[in-house]
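the following comprises the amino acid sequence and a computationally predicted model.
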Protein chains: 2
Amino acid sequence: MAKQRKADFAGAGNGGKVSARYDKRRREVVDSAARVFAERGYHATSIEDLVEATGLQRGGLYHYMDSKKDLLSQIHHRFIEPLLDDARGIVERGGPPDEVLRNLGGALIRDIASYGDQVTVFLHEWRIIRDDPEWGEIRQARKDFEALVGSVLRRGMDEGVFAIRDERIALLGFLGMFNYSYQWFHPGGRVPAEQVAEEFCDIFLDGIRA
Amino acid sequence: MAKQRKADFAGAGNGGKVSARYDKRRREVVDSAARVFAERGYHATSIEDLVEATGLQRGGLYHYMDSKKDLLSQIHHRFIEPLLDDARGIVERGGPPDEVLRNLGGALIRDIASYGDQVTVFLHEWRIIRDDPEWGEIRQARKDFEALVGSVLRRGMDEGVFAIRDERIALLGFLGMFNYSYQWFHPGGRVPAEQVAEEFCDIFLDGIRA
């Protein structure tokens, strides 16, 4: 993956400080690109738009990406990696299924709150990701997150605390409640992310309790 | 609105038959455009793309639209009008709040199942609709639908059958469950739209029951 190779290159012989500075700048470039992609759409965004949004020269921009498509990939890693890390930790720690599901809901909405533009790009450009052979890694990450939530639903059913008729539909309902917040959630708005997660989980958990 | 004016013009002196034929063809053009906008995004779609998608000449295309933006507006009317008609009828007929909410859920998923591309465009291009002074009518239609669902939640609370802590968040959770299905629902797939609506309503209604 381009970002890894470039990070290694920047770090080689320059010490960790340069590499850390490069990584920080790279994240800023990725986030600026996410804002433009979210606003105009991936296909309509030109390299000139990215030059303008990042304040870099064209050559400087290519220091942080291989291509527009590589940037799209980096945007996805930006929000999926911390989400998957969080979710794996939550599921590994275990505990009662309703508590675990509550924690997963919290992690999901915090991720959407932190990476609103990146999540917007992920959902809006899903048809690209879905159909392109090169995007297997992102598709797998989406499946991995869904599998983590699904495993908690199944454990709750096995332990007799959840009563769910169709596990897949219940999972999609849970994801829908939370993911749709990319359309309306504003950090700093009337209701903080934690409270949204709590209210959604109150409704959803009461809805599936045996 | 362009489509009305043009429909009148096409009907003038030609009898209803020509007007009906014009309207049918216009709907086909709007639906073809919705497919392209959903696939590539509104900004990235050129008039040439629309010419190709509709099989019309450039001049013929302008017989059915004033501009690309007018087409975007027509796409919204295409799925919002039948949804609002249905939803108003359901709420006016009255009945127990849980049944009314169930019927609203059914109407919403049927609309998403019938107009998947149009709903995709609506959700993906929401930033245009949200910010443009000319789009007040579409913003109002979205508010009207939300108000209908909200009125049922409120009546349920007033009648003591629903217990909801934050009405707005509950409403957004309900809409999220259903609206997110634009990402995954396939007509003719494993689970028919009616069953999805039933399962979501089972969970949501059990989740808010007093």
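Structure's in. What do you need?

going forward, measure contacts and count neighbours with C-alpha atoms only.
OK.

and A:Asp132, how many neighbours does it have?
The tally of other residues near A:Asp132 (other CA atoms under 10 Å in any protein chain shown) stands at 10.

need the residues that contact the strand or helix carrying A:Gln140.
In the assignment (DSSP states H and E), A:Gln140 maps to helix A:136-158. Helix A:136-158 has contacts (CA atoms under 8 Å, 6 or more residues apart in numbering or on different chains) with A:73, A:76-77, A:80, A:84, A:87-88, A:91, A:97-98, A:100-101, A:104, A:129-130, A:162-164, A:167-168, A:171.

quick one: the helices in chain A, in order.
A:2-11, A:15-40, A:47-54, A:58-61, A:68-93, A:97-114, A:116-124, A:126-131, A:136-158, A:167-179, A:193-208 (DSSP state H).

anything in the last one near chain B?
Yes - Helix A:193-208 lies in contact with chain B when judged by CA under 8 Å from any CA of the partner chain; the contacting residues are A:196, A:199-200, A:202-208.

by neighbour count, which of those residues wins?
A:Phe204 (26 neighbours).

count of neighbours near the closest residue to A:Tyr180 other than its chain neighbours?
Residue nearest to A:Tyr180 in three dimensions, not counting chain neighbours: B:Gly176, with 4.9 Å by CA to CA, 6 or more residues apart in numbering or on different chains. Residues contacting B:Gly176 under the criterion other CA under 10 Å number 22.

do A:Ala38 as well
A:Ala38 has 24 neighbours, counted by other CA under 10 Å.

likewise A:Ile129?
With other CA under 10 Å as criterion, A:Ile129 counts 19.

quick check: the residue nearest to it when sequence neighbours are not counted vs A:Ser73, distance?
In this structure, A:Ile129 finds its nearest non-sequential neighbour in A:Trp135, 5.5 Å apart by CA to CA, 6+ apart. According to CA to CA, to the nearest Å, A:Trp135 and A:Ser73 sit 8 Å apart.

more neighbours: the two, which one.
Higher neighbour count among A:Trp135 and A:Ser73: A:Ser73, with 22 against 13, using other CA under 10 Å.

tell me the pLDDT at the more buried one?
For A:Ser73, the model assigns a pLDDT of 93.

next one: A:Gly15
The model's pLDDT for A:Gly15 equals 59.

now swap in A:Trp126 and tell me
On the pLDDT scale, A:Trp126 is placed at 89.

count of residues packed around it?
14.

least confident secondary structure element in chain A?
Lowest mean confidence among the helices and strands of chain A (mean pLDDT, DSSP states H and E): helix A:2-11, at a mean of 45.

what residues does chain A put near chain B?
Counting by CA under 8 Å from any CA, chain A sits next to chain B at A:39-44, A:123-124, A:127, A:165-166, A:169-170, A:172-181, A:183, A:196, A:199-200, A:202-208.

of the contacts of helix A:136-158, buried ones?
Using 16 or more other CA atoms under 10 Å in any protein chain shown as the burial test, the contacts of helix A:136-158 include A:73, A:76-77, A:80, A:84, A:87-88, A:91, A:97-98, A:100-101, A:104, A:129, A:162-164, A:171 as buried.

wait, A:Val51 sits on A:Arg58?
Yes - using CA atoms under 8 Å, A:Val51 is in contact with A:Arg58, at 5.9 Å.

could I get the helices of chain A as a markdown table with distance to B:Met65?
What follows is those, written out as a markdown table (distance: least, CA to CA, whole Å):
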| stretch | distance to B:Met65 |
| --- | --- |
| helix A:2-11 | 44 |
| helix A:15-40 | 22 |
| helix A:47-54 | 29 |
| helix A:58-61 | 38 |
| helix A:68-93 | 33 |
| helix A:97-114 | 37 |
| helix A:116-124 | 25 |
| helix A:126-131 | 27 |
| helix A:136-158 | 38 |
| helix A:167-179 | 34 |
| helix A:193-208 | 42 |
